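Engineer: sequence first, then the predicted structure, then my questions.
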Amino acid sequence: MRTVPLRRLLVALLTVVLVLTATFAALHLAPGDPVRLYLGPSADEAVVAATRHAEGLDRPLAEQYADWLVRFAAGDWGTSIAQQRPVAHVLGDALGPTLVLVGTSLLLTYLAGILIGAFQASRRRTALDTALTGVTTFLYALPSYVVALGLVLVFAYAGALWRWPSWLRYPAFGAASVGADLLPPSARFVDALRHLVLPVATLAMVGAAGTARFVRGAVLDALRQPFVRAARAKGLGEARVLLRHALRNALVPVLTLLGLQLPALFSGVVFVETIFGWPGMGRVTVQAVLARDYPVVMASTAVFAVLVIAGNLLADLLASLADPRAESGA
């Protein structure tokens, strides 16, 4: 029992190292010179060589990787080649917006997914259940960037073109309007919420569709269990049987779904933040990849990997708390 958490942590640490190793190899196999991109094509060769030496990019790759790994583990994340700022500051500025985006979308994903899935299970084999199954399947099959572009087309461009009411028109770029710092606190808060609507809706729609399908199946499976038949035999109403017995027991496997959704959610964040110009880690990572900014890409990959693994461990913990048998593998 006591070795299970330690074993999971060791596996998680090994996974992070493998992800970082693969990322480092892919970065250096890709064409492009970060120093050339930073200094420009007209830079003198002597200046380029001196800069490469100062950044340590003229050393063997194995030595570069080992040195970066040791310094990163010690808390030294290095300096951005493209921005000439500490990587910790670059990612620190971007981590907050990403956590707001991911946290809000994850909350809405589970709220909407559980409600829709439970409703479908209560109306199983009806026309409404069939229609909702078609919609959730369609949304779940769509890539997040397609959903994002569709929402921008409808609620940003079409809304502005046809002068829809303000509650149907939303900004499609950035986290705040120009001059938002000059607004009163309440207006600034509303402006930030309006910028958050379309990115969150993109991630939540795709996530809620998959969650709803999973919850529907889990609730239908719980409704077939003997304890549900016993509850009905006692004369309990169908709504109470569904909410207090079937749905409550169906939520145990739903918690484990969190560990499967987090990798997809964080990968979707990269596309969504790029499309909406959201100043988060996904956009910073894309910009760093285009600039071949190795320290930023490596550090952001490590942060994403740690967040995903932490989410997996949290899902395991929640599942064991909800059902103690899960901890012992029963």
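Structural biologist: Cool, got the structure. Numbering: from 1, shown residues only.

Engineer: spatially central residue in the protein, please.
Structural biologist: F266 (2.6 Å; C-alpha atoms, centre = their mean).

Engineer: once you drop chain neighbours, what's closest to I114?
Structural biologist: Leaving aside its sequence neighbours, I114 sits nearest to V215 (C-beta to C-beta, 6 or more residues apart in numbering; 5.4 Å). To be clear about C-beta, it is placed using only N, CA and C from the backbone, and glycine gets the same treatment.

Engineer: give me the number of residues near the one you found?
Structural biologist: 27 (other C-beta atoms under 10 Å).

Engineer: same check on the one 3 residues further on?
Structural biologist: Burial of A218 is recorded as 23 neighbouring residues (other C-beta under 10 Å).

Engineer: spatially nearest residue to it (excluding sequence neighbours)?
Structural biologist: That would be A250: by C-beta to C-beta, 6+ apart, it lies 3.8 Å from A218.

Engineer: residues contacting the one you found?
Structural biologist: 215, 218-219, 221-222 (C-beta atoms under 8 Å, 6 or more residues apart in numbering).

Engineer: at 7 Å instead, please
Structural biologist: 215, 218-219, 222 (C-beta atoms under 7 Å, 6 or more residues apart in numbering).

Engineer: among the residues you listed, which are in helices?
Structural biologist: 215, 218-219, 222 (DSSP state H).

Engineer: tabulate those residues (TSV), appending distance to P165 and pLDDT.
Structural biologist: What follows is these, written out as TSV (distance: C-beta to C-beta, whole Å; pLDDT from 0 to 100):
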residue	distance to P165	pLDDT
V215	33	91
A218	39	87
V219	37	87
A222	42	84
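
Engineer: I'd like the average pLDDT over stretch 194-212.
Structural biologist: For stretch 194-212, mean pLDDT rounds to 94.

Engineer: now the helices: where do they sit in the stretch 1-150 of the chain?
Structural biologist: In the stretch 1-150 of the chain, the helices defined using DSSP state H, counting those that start in this stretch lie at 3-29, 34-39, 45-55, 61-73, 87-122, 127-141, 144-152.

Engineer: figure out the helix or strand that A187 lives in.
Structural biologist: helix 185-223 (DSSP states H and E).

Engineer: can you pull out the low-pLDDT segments for the protein?
Structural biologist: Scanning the chain for pLDDT under 70 picks out the ranges 1-5, 319, 321-330.

Engineer: quick one: contacts for S300?
Structural biologist: 91, 281, 284-285, 288.

Engineer: at 6 Å what do you get?
Structural biologist: 91, 281, 285 (C-beta atoms under 6 Å, 6 or more residues apart in numbering).

Engineer: that older thread, show me what counts as buried in the helix holding A187.
Structural biologist: For helix 185-223, a neighbour-count test (16 or more other C-beta atoms under 10 Å) marks 191, 194-196, 198-216, 218-220, 222-223 as buried.

Engineer: just stretch 115-135 next, same as before
Structural biologist: Those would be 116-122, 129, 132, for stretch 115-135 by 16+ other C-beta under 10 Å.

Engineer: picking up where we left off before, pipe the contacts of A250 into TSV and attach distance to P97 per row.
Structural biologist: Below are those laid out as TSV (distance: C-beta to C-beta, whole Å):
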residue	distance to P97
V215	29
A218	33
V219	35
A222	38
